[in-house]
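>>> need a structure here:
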Amino acid sequence: MNVENFTAYNPVKLRFGKNITEKLGETVKLYGSKVFLIYGKVSVKKYGYYKKVVDSLTQSGLELIEYRGIKPNPIVDDVRKAVALGSKHNIDVVVALGGGSVIDSAKIIGLSIANKAEPWQIMTGQSVPQKSLPLITVLTLSATGSEMNAAAVLQNHTTGQKLGFVNPLLFPKESFLDPQFTTTVPASYTAYGVVDLIAHALEAFFGKGEPSVIDRITSGIIVDAMEHGPVLMNDLENYNLRAALMLDATLALNGVTTYGKKSGDWGVHAIGHELSLLFDTPHGAALSIVYPAWLKLQKNRIPKRISCLGKLLFGYDDIDKTISALKNFFQKIGSPITLQEADINTTKNEQIIKQMSKNNVSGMHQQLHQADYAKLVEFMRQE
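You can find the predicted model right below:
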């Protein structure tokens, strides 16, 4: 056990529970009168969430400007269009209605407008932001934890990159989490959300530092998701199960799992981002393919750490059994565990390897090297 130096900071006010969005309008009004509402394509209107949000905002006398159409794997092109629209209307505050893709996009939109900066220059560090517009989020998908952290991910097909950006300016001011807003998420994306939150917890677990109490908290989040996830798949409208997974997802990436650690690892996410960029693979689906392969690669490098994980999650320290148990769980909830299950055939192997090489894919703590890429692709094809 070793505990690294760390600094904890999270200023987000989290509002959690049934009908909590009834307070949305009066809350947003505290931050400004001209609101930029960012959302996705169809589902928020189809299931009535858009109307609830708009009603609350307009009843509070707020003026709305809207940007619709953020994609599940968010792209910088949409962010640029939204920045142009928001800048034209001199907005005061951003409201993000959606899952992680919408919230991540809204974070960079607010940053770009406030600093009059080009979004991709912010993502690549060429432009250093000094301020941001206040952001309020209304969550509709339990997965990324973006509602309570200072990170955002965007992809750029022109440069062939999917990048993450972390800055304290990206913390939302307030986030509204009503589990009712997630009961219409289809089975596939419910499963991908469960995978994503588990992957976030695992990234923290395999980072630098091994504080025992945080290991227990982190594994507790995973165990809770593994307990409730399969039940939820057969009862998608169950409020209490949705609430449990919503809380798991927020806790997995709001900072608590990295207390006493220097950082998470994030190597698996880096690999998963390349699959999403190349093939538009849903983020959670990419992670359920990559994690078992990554663990196979690491089994002789960090055997004690993987054994520790197995004991915390499954009650045994056998590495192969731990990897198999994780794969079985992903299969149980309907998320793919091989590239071929995601319709990525063997002709794409060299393309994947080349893409990982181009972007020097690696973890922050568990380093990956050129020779590892082919092994990872091989492992991602094994049942």
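>>> helices or strands next to the helix or strand bottoming out on mean pLDDT in the chain in the packing?
Lowest by mean pLDDT, DSSP states H and E among the helices and strands of the chain is helix 43-46, with a mean of 93. Counting contacts by 3 or more C-beta pairs under 8 Å, 6 or more residues apart in numbering; DSSP states H and E, helix 43-46 is packed against helix 49-59. All C-beta spots, glycine's among them, are computed from the backbone N, C-alpha and C.
>>> Which positions within the helix it packs on qualify as buried?
Tyr49, Tyr50, Lys52, Val53, Val54, Ser56, Leu57 (16 or more other C-beta atoms under 10 Å).
>>> For the last one, which non-adjacent residue is spatially closest?
Distances taken as C-beta to C-beta, 6 or more residues apart in numbering put Gly25 closest to Leu57, at 4.9 Å, once the chain neighbours are dropped.
>>> Make JSON lines out of the buried residues of helix 49-59 and add distance to Ile302 and pLDDT.
Shown next, in JSON lines, are the buried residues of helix 49-59 (distance: C-beta to C-beta, whole Å; pLDDT from 0 to 100):
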{"residue": "Tyr49", "distance to Ile302": "42", "pLDDT": "97"}
{"residue": "Tyr50", "distance to Ile302": "46", "pLDDT": "97"}
{"residue": "Lys52", "distance to Ile302": "47", "pLDDT": "97"}
{"residue": "Val53", "distance to Ile302": "45", "pLDDT": "97"}
{"residue": "Val54", "distance to Ile302": "49", "pLDDT": "97"}
{"residue": "Ser56", "distance to Ile302": "48", "pLDDT": "97"}
{"residue": "Leu57", "distance to Ile302": "49", "pLDDT": "98"}
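>>> Of the residues you listed, which pair is most distant in space?
Tyr49 and Leu57 (12.6 Å; C-beta to C-beta).
>>> Please name every helix or strand in contact with the helix or strand in which Gly25 is found.
Per DSSP states H and E: Gly25 is located in helix 24-28. Contacts defined by 3+ C-beta pairs under 8 Å, 6+ apart place helix 24-28 against helix 49-59, strand 93-98, strand 135-139, strand 174-177.
>>> which residue ranges form the strands in the protein?
Assigned by DSSP state E, the chain shows strands spanning 13-16, 34-39, 63-68, 93-98, 135-139, 151-156, 161-166, 174-177.
>>> Format those as TSV; extra columns: distance to Met226, mean pLDDT and mean neighbour count.
Formatted as TSV, these follow (distance: least, C-beta to C-beta, whole Å; pLDDT from 0 to 100; neighbours: other C-beta atoms under 10 Å):
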stretch	distance to Met226	mean pLDDT	mean neighbour count
strand 13-16	22	98	16
strand 34-39	31	98	24
strand 63-68	35	98	16
strand 93-98	26	98	28
strand 135-139	22	98	28
strand 151-156	24	97	22
strand 161-166	26	96	18
strand 174-177	21	98	24
